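Chemist: Sharing a model prediction with you, sequence too.
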Amino acid sequence: MKGKMLVIGQYPDEEAAKDGMMQRVLEMDDILRETYSITYLDISFKSYWLKSKKNIRHQDSSVCIWRLNMFLHQTTIFGLLLKSNVVYVHSVMNYFLALPALTTTKCPTFLDIHGIVPEEYVFSGKKFKGFLYSIAEYFAFKKSKYFIAVTRAMREHYLSKYRGLSSEKFIVLPIFDKSEIGPKEDVSIFLANTVNEDRDLTVVYAGGTQAWQNIDYMVNFALAFQNVFKFRFYVPSKATKDIVEKFESGKVVVGSLPKHELMNRYRECGMGFLLRDDIAVNRVASPTKFSEYVNSYIVPVMFDKNVGDIEYYGYSIVEFNDLIALQVPGGDDLRAIAVENKKIYDTVYMLDVSNSYKILIDRLNAFSSDNANSTI
């Protein structure tokens, strides 16, 4: 019989899973189900005044979802922890919402860090929220059994920030698709189907339009160079109109696509925008977009390599300033970079992911015996 795990975070239904953070929750959900019977605890600071519990079908099992208020339902939160073998918390933001219970429970806790939350809020000008989350983060790193970081850079950030931490408590597991662990496509198939000038000169962007994505840089570049390159912007449906209106009719492809269709479109693009500023939040990040690009033989266009573990693994990029100066590798050279990046991704990177995946499973298994006194 599977042990009982309490996952603190929003349940990754189909709509929620479009969000970057929720993609991580969805991917981890598949892993955690291998060992545990899962209950989700979704806590809110300013809603869920009436507590609710519902069971839904998920693939071949049932999932229990509790929605509780941080202030009104602490007793229920404590009770759920008492009935669990292990707790898995998605982000310091969710740790904060269950802080009283998590700092007093003896239940082993796994913290999936996601990002450096206090710094994110301070950077966005929300210093008080950053302060509150820094308190939660302090207790999270003091009390949790293990920490799941998305990059080595993130692990090093926290080892430096909290000097007493042991690196043995960290598992570096980037965002990934579990189906990627296994046989890979023969590179000759890619080369046989992509030798054309249109692809080499097509630059894609797929993602949100928030300011930190630097969408304005991409749009302005496309406006200036739409007669040199071909551009495609795949953004949330509510943002397509604003981008379409910036271009002459038919000059730039703008749309909103589900992931499986987007992966097909990627094969028609040679380069992909991933413009992140050189700040602490980005230096520890693991952008899903980077993995999608490299896995689809797209060469990322970036300000620099100071994002996550890109430099560590030795990936190559096209620097944005070189793109502006039209100093871009030619077709054969661009494809050679794409092939080498994919080789790094399929071998060194995915080997590390596979090893970390096994370590996480082993550590989860250590707490999976059904010692809970009653069902949740």
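Modeler: Sure thing, it's come through. Nothing here was measured: the structure is a model prediction, and the numbers come from that model. Numbers count the residues shown, from 1 in each chain.
Chemist: Where does the prediction get shaky in the stretch 51-200 of the chain?
Modeler: Across the stretch 51-200 of the chain, residues meeting the criterion (pLDDT under 70) sit at 59-60, 177-195.
Chemist: how about 90 then?
Modeler: In the predicted model, the stretch 51-200 of the chain carries pLDDT under 90 at residues 56-63, 123-124, 174-200.
Chemist: ok, which stretches of it are helices?
Modeler: With helices called from DSSP state H, counting those that start in this stretch, the stretch 51-200 of the chain shows them at 74-82, 91-97, 99-102, 117-123, 127-143, 152-161, 187-194, 197-200.
Chemist: Provide the secondary structure category for residue 348.
Modeler: For residue 348, the reduced secondary structure class is helix; criterion used: DSSP: H, G, I helix; E, B strand; the rest coil.
Chemist: Model confidence score at it, please.
Modeler: The model reports residue 348 with a pLDDT of 93.
Chemist: was I right about residue 45 contacting residue 68?
Modeler: No: using CB atoms under 8 Å, residue 45 is not in contact with residue 68, being 11.0 Å away. In short, each C-beta sits where N, CA and C put it, glycine included.
Chemist: More neighbours: these two, which one.
Modeler: Neighbour count, other CB atoms under 10 Å: between residue 45 and residue 68, residue 68 has more, with 24 against 11.
Chemist: Okay, and the beta partners of the more buried one?
Modeler: Residues in a beta bridge with residue 68, per DSSP bridges, are residue 43.
Chemist: show me what contacts it?
Modeler: Shown in contact with residue 68 (CB atoms under 8 Å, 6 or more residues apart in numbering): 41-44, 48, 51, 76-77.
Chemist: Most neighbours among the residues you listed, please name it.
Modeler: residue 41 leads the contacts of residue 68 on contacts (other CB under 10 Å) with 28 neighbours.
Chemist: That one: what secondary structure?
Modeler: Three-state call for residue 41 (three-state DSSP): strand.
Chemist: Distance-wise, check it relative to residue 50.
Modeler: Between residue 41 and residue 50 the distance is 16 Å, computed by CB to CB, to the nearest Å.
Chemist: returning to that earlier point: any chance of the contacts of residue 68 in CSV, plus distance to residue 155?
Modeler: Compiled in CSV, the contacts of residue 68 are given as follows (distance: CB to CB, whole Å):
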residue, distance to residue 155
41, 26
42, 28
43, 27
44, 30
48, 34
51, 36
76, 34
77, 29
